[in-house]
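# Predicted coordinates and the sequence they were generated for:
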Amino acid sequence: MTELILSDITRMAGGYCVIGLERKGEKFRSIRPLPPAGNAWPPSFAFNRGDCLQFSLSSVPLIKPHIEDRRSVAAPSQTGKVTEEELLECLRGAEVAEKLDQLFGSPLRSGRTGASISAPKCFRSICGAEVQKIRLKWEVDQLRAYLALRAGEVLPDLPVVDRSWHCFVESLLETIQGANRVYRVNRYLSTRMQEVAGTFVRLGLTRPHPPRWGRCQVMVDTLFPIPRKSWLEEFRSHQD
């Protein structure tokens with residue numbers, strides 16, 4: 001059995017992709033436990049970020065850069081839980097980078113609608129980074145982010161696939177009645193993120209398209225801090 005601290009839960013193909021941290025001495029490494037079939041866990045996946053889970057894992061044929069993949073041969077069981085602060089400390093002891101070309105081992109190709117990378121040149125598909133500035137915007141049923149790393153390099157437009165953040169923004173939208181719902185949510189997100197002192201992100205790569213030799217798109221898998229219930233209550237009070 002392999003014990004993982006669940007670190008990333010992202011929306012994918014009608015279900016969820018999950019990643020966990022395995023302790024290796026004083027450090028951690030990321031493992032992506034795949035369900036017994038396919039790549040996405042079903043919507044009924046009941047666990048949360050920070051849960052400590054035991055998996056029975058086997059190997060799978062690896063396609064770069066997703067070297068973290070392992071196949072789960074049974075449903076996981078929970079053995080404990082860590083706090084958000086403890087999880088963040090673990091993530092800082094896993095795969096991290098200060099500059100863009102250190103994230104996945106190959107230069108990124110950035111554009112106005114995201115960033116991509118050549119799959120065969122990558123040596124991993126998940127990496128953390130400290131962020132000095134972030135802007136969030138909801139566009140056409142998708143949350144997107146502008147990131148400035150601590151080193152000053154910028155990723156101008158990335159999709160955010162973090163389950164917690166998507167659920168939070170959808171709750172904000174459900175709160176509002178009448179016109180200008182998206183505008184009001186984006187204005188709140190802008191104000192809220194300006195008040196956040198320091199953020200940490202986990203950036204991940206999509207599956208390469210075409211497989212084996214194509215390009216991968218860059219996504220925001222996890223964004224800290226995790227949305228607070230108090231933020232939703234604060235937003236609701238301003239709408240009354």
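Okay, I see it.

# And the nearest residue to residue 208 once chain neighbours are set aside, how far from residue 76?
Leaving aside its sequence neighbours, residue 208 sits nearest to residue 119 (C-beta to C-beta, 6 or more residues apart in numbering; 3.5 Å). (C-beta placed from N, C-alpha, C; glycine too.) Distance of residue 119 to residue 76, computed by C-beta to C-beta, to the nearest Å: 28 Å.

# Does anything pack onto the longest strand along the chain? Which helices or strands?
Looking across the chain with DSSP state E, the single longest strand is strand 126-139. For strand 126-139, the elements it packs on are helix 100-103, strand 142-149, helix 163-175, helix 181-195, strand 199-205, judged by 3 or more C-beta pairs under 8 Å, 6 or more residues apart in numbering; DSSP states H and E.

# can you state the direction angle for that strand and helix 163-175?
Angle, strand 126-139 to helix 163-175, by axes from the mean of the first three to the mean of the last three C-alpha atoms, to 10 degrees: 10 degrees.

# give me the number of residues near residue 102?
Neighbourhood size, residue 102 [other C-beta atoms under 10 Å]: 14.

# What residues does it make contact with?
Residue 102 makes contact with residue 127, according to C-beta atoms under 8 Å, 6 or more residues apart in numbering.

# What part of the chain, helix or strand, is modelled with the least confidence?
Ranked by mean pLDDT, DSSP states H and E, the weakest helix or strand in the chain is strand 109-111, scoring a mean of 82.

# packing partners for that one?
strand 114-118, strand 154-160.

# Only the buried residues of it, if you could.
The neighbour-count check on strand 109-111 (16 or more other C-beta atoms under 10 Å) flags residue 110 as buried.

# Note down every partner strand of that strand and its orientation.
According to DSSP bridges, strand 109-111 forms sheet pairs with strand 114-118 (antiparallel).

# what residues does the strand it pairs with touch?
Residues outside strand 114-118 that contact it (C-beta under 8 Å, 6+ apart): 104, 106-109, 155, 157-159, 205, 215-218.

# Surely residue 27 is in contact with residue 92?
No - judged on C-beta atoms under 8 Å, residue 27 makes no contact with residue 92 at a distance of 10.2 Å.

# And the pLDDT at residue 240?
pLDDT recorded at residue 240 is 61.

# do the same with residue 74
88.

# Report how many residues lie close to it.
Neighbourhood size, residue 74 [other C-beta under 10 Å]: 11.

# Let me know the secondary structure of it.
coil (DSSP: H, G, I helix; E, B strand; the rest coil).

# Next: the one 4 residues further on.
Secondary structure assignment for residue 78 (three-state DSSP): strand.

# bridging residues for it?
Listed by DSSP bridges, the beta-bridge partners for residue 78 are residue 53.

# so it sits right up against residue 53, yeah?
Yes - using C-beta under 8 Å, residue 78 is in contact with residue 53, at 5.6 Å.

# Pick out whichever of the two has more residues nearby.
residue 53 (22 against 13).

# just to revisit the earlier point, need the contact list for the residue nearest to residue 208.
63, 64, 65, 205, 208, 212, 213, 214, 215, 216.

# Surely the fourth one is in contact with residue 218?
Yes - in this structure residue 205 lies within contact range of residue 218 using C-beta under 8 Å: 6.3 Å.

# neighbours around the closest residue to residue 54 other than its chain neighbours, how many?
Nearest residue to residue 54 in three dimensions, chain neighbours excluded: residue 1, at 4.7 Å (C-beta to C-beta, 6+ apart). Neighbours of residue 1 under the rule other C-beta under 10 Å: 11.

# ok now do residue 1, which residues does it touch?
Counting by C-beta under 8 Å, 6+ apart, residue 1 has contacts 54, 55, 56.
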